[in-house]
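> with the input below, show me the fold.
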Amino acid sequence: MKTLLVTGSSGLIGSEVCICFAHDGYRIHGLDNNQRAVFFGPQGDTRWNQQRLIQEIPHFRHHEIDIRDRAGVLALVRELKPSAIIHTAAQPSHDRAAAIPFDDFDTNAVGTLNLLEAARQACPDSPFVHMSTNKVYGDAPNRIELKELSTRWDYADPAYRHGIAESFTIDQSKHSLFGASKVAADIMVQEYGRYFNMPTCCLRGGCLTGPNHSGVELHGFLSYLAKCNLQEREYKIFGYKGKQVRDNIHSEDVARFMAQFCEAPRAGEVYNLGGGKDNSCSILEAFRMVESLSGRKQRHVYLEEARAGDHICYYSDLRKMKSHYPRWDIAISLEETIAQIVKAWTGRLPQ
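Alright, predicted model coming up:
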């Protein structure tokens with residue numbers, strides 16, 4: 001039986017990957033120490049998701065290891081020699097990173113290096129998939145000529161009608177400390193692929209979302225927005241008139257692409273993994289969609305100052321992904337994704 005090691009296994013993407021690959025016949029090992037609760041407090045706790053995996057996946061094995069624990073990571077990978085490694089563990093907030101720069105860099109950059117070197121020593125031929133971020137581009141996308149529409153910003157430059165491609169610059173821009181630590185991890189994953197000819201890839205995610213997200217204000221746009229709406233709590237809009245645009249991809253679509261890559265891996269690849277223009281929305285547009293499902297008006301306050309390094313408009317050009325893996329495409333629409341999130345929060349929140 002093939003073996004999969006998933007880091008951040010109790011998180012949104014990690015848990016979805018566990019379910020997906022278990023259905024494909026893998027024996028699943030999850031590595032997670034609930035660090036999200038340390039980063040974000042009780043609202044970020046993911047133990048409920050860990051218990052869900054234990055109940056739903058036969059023979060699922062949980063490993064309470066911090067990816068910063070180099071000796072622990074090396075020993076575990078040496079013991080398992082997994083058929084594939086999917087690395088989703090991270091400090092995921094660019095706002096939070098400024099307050100905890102050592103924790104952020106040690107988790108995102110050093111933790112990734114620990115896993116890469118463990119893989120090189122124990123299972124160099126096993127596919128290694130790294131969940132990177134579109135924040136590696138910093139705020140450079142904000143230099144693209146934009147046009148203001150009634151509810152959103154969009155690209156005015158026709159060169160970007162399909163979105164941001166992997167060739168976009170990562171230099172000479174403000175990344176946030178989070179973006180910088182993820183750049184370091186991203187480049188190391190590429191380098192292990194190119195230098196050691198290991199089957200690695202970086203997935204530069206946009207807004208990864210779905211019903212199993214423990215969304216908080218500093219991370220988890222759609223999940224947190226829906227939660228605020230259902231609890232009739234005030235949502236803070238940070239600048240850009242609430243018209244800033246994100247492309248949203250369901251965690252199932254992310255996991256399906258990872259499975260495709262593991263079937264036919266390539267060395268040192270990079271893919272912009274988002275929902276594309278069809279699954280994009282602004283904050284104002286997200287308000288309307290959630291309101292239509294919940295029947296509750298979204299309470300919000302507008303703050304003029306935008307978040308440092310935040311994108312005004314970002315959606316992914318998916319053409320490279322689709323050309324390399326033509327059996328993959330976005331399967332879950334934005335409307336269906338939001339409906340699932342609202343339904344999930346309705347079931348989890350106290351009535």
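> where do the helices sit along the stretch 251-351 of the chain?
251-263, 283-294, 319-324, 334-348 (DSSP state H, counting those that start in this stretch).
> residue contacts, residue 40?
Residue 40 makes contact with 93, 96, 216, 218, 219, according to Cβ atoms under 8 Å, 6 or more residues apart in numbering. Yep, even glycine has a C-beta here, placed from its N, CA and C like the rest.
> now the closest residue to residue 113 other than its chain neighbours. Its backbone dihedrals?
In space, and not counting its chain neighbours, residue 113 is closest to residue 188: 5.6 Å by Cβ to Cβ, 6 or more residues apart in numbering. When read as degrees, to the nearest 10, the backbone of residue 188 gives phi -70, psi -40.
> residue 188: neighbouring residues, count only.
21 (other Cβ atoms under 10 Å).
> count the neighbours of residue 277 for me.
For residue 277, the count of nearby residues is 18 (other Cβ under 10 Å).
> that one is in contact with residue 163, isn't it?
Yes. Counting by Cβ atoms under 8 Å, residue 277 does reach residue 163; the two are 5.9 Å apart.
> between those two, what contacts are shared?
Contacts common to residue 277 and residue 163, judged by Cβ under 8 Å, 6+ apart, are 247, 315.
> biggest separation within the contacts of residue 40, which pair?
Across these, no pair lies farther apart than 96 and 216, at 9.4 Å, counting by Cβ to Cβ.
> leaving out chain neighbours, which residue sits closest to residue 181?
Nearest residue to residue 181, sequence neighbours excluded (Cβ to Cβ, 6+ apart): residue 108, at 3.8 Å.
> actually, residue 58.
In space, residue 58 is closest to residue 22, 7.7 Å off (Cβ to Cβ, 6+ apart).
> on the pLDDT front, check the residue nearest to residue 113 for me.
Looking at residue 188, its pLDDT is 98.
> low-confidence ranges in the stretch 151-300 of the chain?
Across the stretch 151-300 of the chain, the ranges flagged by pLDDT under 70 are 218.
> now do the strands in it.
Assigned by DSSP state E, counting those that start in this stretch, the strands in the stretch 151-300 of the chain fall at 153-155, 200-205, 207-209, 235-238, 245-250, 269-273, 280-282, 300-303.
> out of the ones you listed, which gets nearest to residue 288?
That would be strand 280-282 among the strands of the stretch 151-300 of the chain, by Cβ to Cβ, at 9.0 Å.
> what's the distance between residue 195 and residue 298?
Relative to residue 298, residue 195 is positioned 49 Å away (Cβ to Cβ, to the nearest Å).
> quick one: which of the two has more around it?
Of the pair residue 195 and residue 298, residue 298 is the one with more neighbours under other Cβ under 10 Å, namely 20 against 12.
> what's the closest non-adjacent residue to the more buried one?
Going by Cβ to Cβ, 6+ apart, residue 298 has residue 287 as its nearest residue, at 4.3 Å.
> show me what contacts that neighbour?
Per Cβ under 8 Å, 6+ apart, neighbours of residue 287: 225, 229, 235, 242, 298, 300.
> ok, back up a step: nearest to residue 46, of the strands of the stretch 151-300 of the chain?
strand 207-209 (14.5 Å).
> give me the residues contacting the closest one.
Contact with strand 207-209 is made by 12-13, 131, 220-223, 246-251, 254, 273-275, 337, 341, as judged by Cβ under 8 Å, 6+ apart.
> give me that answer again for 7 Å
Here strand 207-209 makes contact (Cβ atoms under 7 Å, 6 or more residues apart in numbering) with 12-13, 221-223, 246-251, 254, 337, 341.
> now do stretch 47-54
So stretch 47-54 is contacted by 9, 10, 15, 18, 30, 32, 34, 60, 62, 212 (Cβ under 7 Å, 6+ apart).
> that stretch: which residues count as buried?
49, 50, 52, 53 (16 or more other Cβ atoms under 10 Å).
> need the pLDDT of the third one.
So the one you mean is residue 52. With respect to pLDDT, residue 52 has a value of 95.
> got the angle for the helix or strand encompassing it vs helix 334-348?
Secondary structure from DSSP states H and E places residue 52 in helix 47-56. Relative orientation of helix 47-56 and helix 334-348, computed by axes from the mean of the first three to the mean of the last three Cα atoms, to 10 degrees: 100 degrees.
> who does the next helix or strand along the chain from helix 47-56 pair up with?
The element immediately downstream of helix 47-56 (helix or strand, assigned by DSSP H and E) is strand 61-63. Its sheet considered, strand 61-63 pairs with strand 27-31 (parallel) by DSSP bridges.
> can I get the partner strand as PDB, trimmed to CA atoms?
Written as PDB, here are the backbone C-alpha positions of strand 27-31 (Å, rounded to 0.1, in the frame of the first residue of the first chain):
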ATOM      1  CA  ARG A  27      -2.300   4.800   3.900                       C
ATOM      2  CA  ILE A  28      -2.300   8.300   5.500                       C
ATOM      3  CA  HIS A  29       0.000   9.800   8.000                       C
ATOM      4  CA  GLY A  30      -0.800  13.200   9.300                       C
ATOM      5  CA  LEU A  31       1.700  15.600  10.900                       C
END
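> how about it: buried residues?
Under the neighbour-count criterion of 16+ other Cβ under 10 Å, strand 27-31 has 27, 28, 29, 30, 31 buried.
> let me know the closest of those to residue 171.
The nearest member of those to residue 171, counting by Cβ to Cβ, is residue 31 at 32.7 Å.
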